[in-house]
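>>> I'd like to go over a predicted model; first the sequence, then the structure.
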Amino acid sequence: MSPVETPTLVNGRSVAINGDGTTTLLSFLRDSLGLMGTKEGCSEGECGACTVLIDSQPVTSCIYPALAAQGRTIETIEGVHEGADLSPVQKALVATGGIQCGFCTPGFVMTLTGLLRKEPNPNADEVAESLAGNLCRCTGYSQIVEAAMSLSEPEEET
Amino acid sequence: MKFRRSSEIDEVLSFLTELGDEAQLLAGGTDIMIQLERGEISAQTLLHIERVAGMRGITENGRLTLGALTTHSDLARDPVLCDRYQSVAHAASLIGSWQTQSVGTIGGNVCNASPAADLLPPLLVHNTNVLLASQSRGERELPLADFVVGRRTITREPDELVTGFSLDSSADRTSDIYRKVGRRGAMEVAIVGLAIRLSVDQEGTISDARVAACSVAPVPFRAHSAEQALLGTKADKEHVDAAAALLVEQAEPIDDVRATARYRRMVLPRIFESAVTECRSRATKDLS
């Protein structure tokens, strides 16, 4: 009777989710899978440090139940690299000085990765709006927006 | 805590019949997970309904129906809502952040029944009915004002599931607007939220007026006396001021971490005046 469940993928690898109803996706990623790149900041879905992508949508993993992610495709900071290279978003953040202490960076990388996948040519307002749920106490945000804008492919002028 | 997942409405209803209030329904979890962690709510079983088939989406057939699992992101970018239910789309776009909007649902926002719920004023001005289903009662519809009846208090029976919301059909020479006051643009809980829907006749006289506010009382409410004061007018200053005074009179704001009651009483009439002007101007734009 029970249908075959769709596998849960974390960075392309099939995983079995464990935990009970209150286990957060963040805790599962860090404590069960050892993926320490996703950070715990506020624990209340306010700061965005724990942002991961679920089916390409950014989600604060600190308030998302691990078991709710069953059968879905999850991407974390550990999965964004391209071979031995950093991802374009990571490179842009390094180039513009969009990283200082680095604690918030994985969350910013994931949100920007989701944004550029959905909208390859965002303007500065769209970048800022997409980052509304990611807090950074170091950079003042300008360099982070600059990093995203350096990846925005302007549409051909006609 | 146990965790049960379902993707079929019928199965959810039988779980609810079996578990009643031992079950806590869970969709995107943006409120529930925080409240569980804080010990503000408790349950033996989380009933995960985020992916139940047929409960996410927007359909227009006379009235407008919003599935309970429609996310804030869905609402904010839907072309019908952005055109003719602007207050709903705009309010959804102001909830939390992208992360909140990508999983948070309209059903969750309504059932959480926060005094500051951004979607409640827009839904109230569209005369929204809540659609409920259960095995014992079948389907029923309740006006939103009879569903959200107190701070974090709703009249859902323990075996019932909110399946969606039914809004008034749109009308000619009609517009709606949502205004939110907060200290910043992101992750903000409203200090004051205000929705207005106005219809005008061929002469630009207001023929239907609906006003609702949140964060200025324990429950978001319709301001019927303010609505009456706008009816039959062209939103001239005298009548708008009178309506604003009636709105403030009906509000019962409190001092809290976000603002004082005094500030709320000061800002409410100001945004009311500007929102009425903007909304009427949009409603009259098709008059020749």
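Structure's in. What do you need? Just so we're clear, the structure is a prediction, and the values are computed from it rather than from any experiment.
>>> what's the lengthiest helix in chain B in contact with?
Secondary structure assigned by DSSP state H gives helix B:261-283 as the longest helix of chain B. With contact meaning C-beta atoms under 8 Å, 6 or more residues apart in numbering or on different chains, helix B:261-283 is reached by B:173-177, B:179, B:181, B:191-192, B:194, B:196-200, B:204, B:206, B:211, B:213, B:215-216, B:226, B:230, B:234-235, B:240-241, B:243-245, B:247-248, B:251, B:253-255. C-beta here means a position set from N, CA and C on the backbone, and glycine is covered the same way.
>>> From residue A:22, how far off is the residue in chain A that chain B sits nearest to?
Residue nearest to chain B within chain A: residue A:133 (2.4 Å; C-beta to the nearest C-beta). From residue A:133 across to residue A:22, the span is 22 Å (C-beta to C-beta, to the nearest Å).
>>> same thing with residue A:137?
29 Å.
>>> and the two? which has more neighbours close in?
A count of neighbours by other C-beta atoms under 10 Å in any protein chain shown puts residue A:22 above the other of residue A:137 and residue A:22, at 15 against 11.
>>> got a list of what the more buried one touches?
Residues in contact with residue A:22 (C-beta under 8 Å, 6+ apart) are A:65, B:1, B:33, B:36, B:37, B:46.
>>> and the residue most central in space within chain A, what element?
Chain A has residue A:110 as the residue nearest its centroid, 2.3 Å off, counting by C-alpha atoms, centre = their mean. According to DSSP states H and E, residue A:110 maps onto helix A:105-118.
>>> Show me what that helix is packed against.
Applying 3 or more C-beta pairs under 8 Å, 6 or more residues apart in numbering or on different chains; DSSP states H and E, one finds that helix A:105-118 contacts strand A:51-54, strand A:57-60, helix A:88-96, helix A:124-130, helix A:142-151, helix B:98-103.
>>> Compute the inter-axis angle for the longest one and helix A:88-96.
Between the direction of helix A:142-151 and that of helix A:88-96, the angle (axes from the mean of the first three to the mean of the last three C-alpha atoms, to 10 degrees) works out to 130 degrees.
>>> Name the residues that touch helix A:142-151?
With C-beta under 8 Å, 6+ apart as the criterion, helix A:142-151 contacts A:88-89, A:92-93, A:95-98, A:108, A:112, A:115-116, A:122, A:124, A:127-128, A:131, A:136.
>>> Residue B:88: which of the helices and strands packed on helix A:105-118 is closest?
Across these, residue B:88 has its closest neighbour in helix B:98-103 (13.2 Å, C-beta to C-beta).
>>> Show me how the chain divides into domains.
Assuming you mean chain A. What automatic domain parsing lists as the domains of chain A is A:8-77, A:88-151.
>>> Switch to chain B, please.
Split into domains by automatic domain parsing, chain B comes to B:2-112+B:129-167, B:174-283.
>>> quick one on the thing from earlier: tell me the buried residues within the contacts of helix A:142-151.
In these, burial by neighbour count holds for A:88-89, A:92-93, A:96, A:98, A:108, A:112, A:115-116, A:122, A:127-128, A:131, A:136, counting by 16 or more other C-beta atoms under 10 Å in any protein chain shown.
>>> Below-threshold pLDDT in chain A: ranges please.
The model of chain A has pLDDT under 70 over residues A:1-4, A:154-158.
>>> For residue B:233, which non-adjacent residue is closest in space?
Residue nearest to residue B:233 in three dimensions, not counting chain neighbours: residue B:239, with 4.1 Å by C-beta to C-beta, 6 or more residues apart in numbering or on different chains.
>>> per-residue confidence for the one you found?
On pLDDT, residue B:239 comes in at 97.
>>> what sits against residue B:104?
Contacts of residue B:104 (C-beta under 8 Å, 6+ apart): B:27, B:28, B:30, B:31, B:71, B:72, B:95, B:96.
>>> For the fifth one, the count of nearby residues, please.
For residue B:71, the tally of surrounding residues (other C-beta under 10 Å) stands at 24.
>>> didn't it look like it was pressed against residue B:101?
Yes: in terms of C-beta atoms under 8 Å, residue B:71 counts as a neighbour of residue B:101; the distance is 6.4 Å.
>>> could you check the distance from the residue in the stretch 51-200 of chain B that chain A sits nearest to over to residue A:60?
Per C-beta to the nearest C-beta, residue B:97 is where the stretch 51-200 of chain B lies closest to chain A, at 2.4 Å. Counting by C-beta to C-beta, the gap from residue B:97 to residue A:60 is 8 Å.
>>> Name the residues contacting each of the two.
Both residue B:97 and residue A:60 are contacted by A:48, A:133, under the criterion C-beta under 8 Å, 6+ apart.
>>> Between these two, tell me which one has more neighbours.
More neighbours surround residue A:60 than the other of residue B:97 and residue A:60, with 34 against 27 (other C-beta under 10 Å).
>>> and that one, how far is that from residue B:92?
Relative to residue B:92, residue A:60 is positioned 17 Å away (C-beta to C-beta).
>>> and what of residue B:63?
Going from residue B:63 to residue B:92 by C-beta to C-beta gives 19 Å.
>>> Now do the SS call for residue B:122.
helix (DSSP: H, G, I helix; E, B strand; the rest coil).
>>> who's in contact with the closest residue to the residue of the stretch 51-200 of chain B closest to chain A other than its chain neighbours?
Excluding the flanking residues, the one nearest residue B:97 by C-beta to C-beta, 6+ apart is residue A:133, at 2.4 Å. Applying C-beta under 8 Å, 6+ apart, we find residue A:133 in contact with A:46, A:48, A:51, A:58, A:60, A:111, B:96-100, B:186-187.
>>> go on, residue A:55?
Counting by C-beta under 8 Å, 6+ apart, residue A:55 touches A:72, A:73.
>>> Residue B:175 contacts residue B:83, correct?
No: with contact defined as C-beta under 8 Å, residue B:175 does not reach residue B:83; the gap is 10.4 Å.
>>> The two: who's more crowded?
Using other C-beta under 10 Å, the more surrounded residue of residue B:175 and residue B:83 is residue B:175, with 23 against 10.
>>> Mind checking what secondary structure the more buried one has?
Once three-state DSSP is applied, residue B:175 turns out strand.
>>> Can you name the residues that contact it?
Contact analysis of residue B:175 by C-beta under 8 Å, 6+ apart lists B:86, B:197, B:198, B:279, B:280, B:282, B:283.
>>> Out of the residues you listed, which is nearest to residue B:78?
Closest approach to residue B:78 among those (C-beta to C-beta): residue B:86, at 10.9 Å.
>>> Distance check, the residue nearest to that closest one when sequence neighbours are not counted against residue B:254.
Once flanking residues are discounted, residue B:86 sits nearest to residue B:176: 5.7 Å by C-beta to C-beta, 6+ apart. Here residue B:176 is placed at a distance of 27 Å from residue B:254 (C-beta to C-beta).
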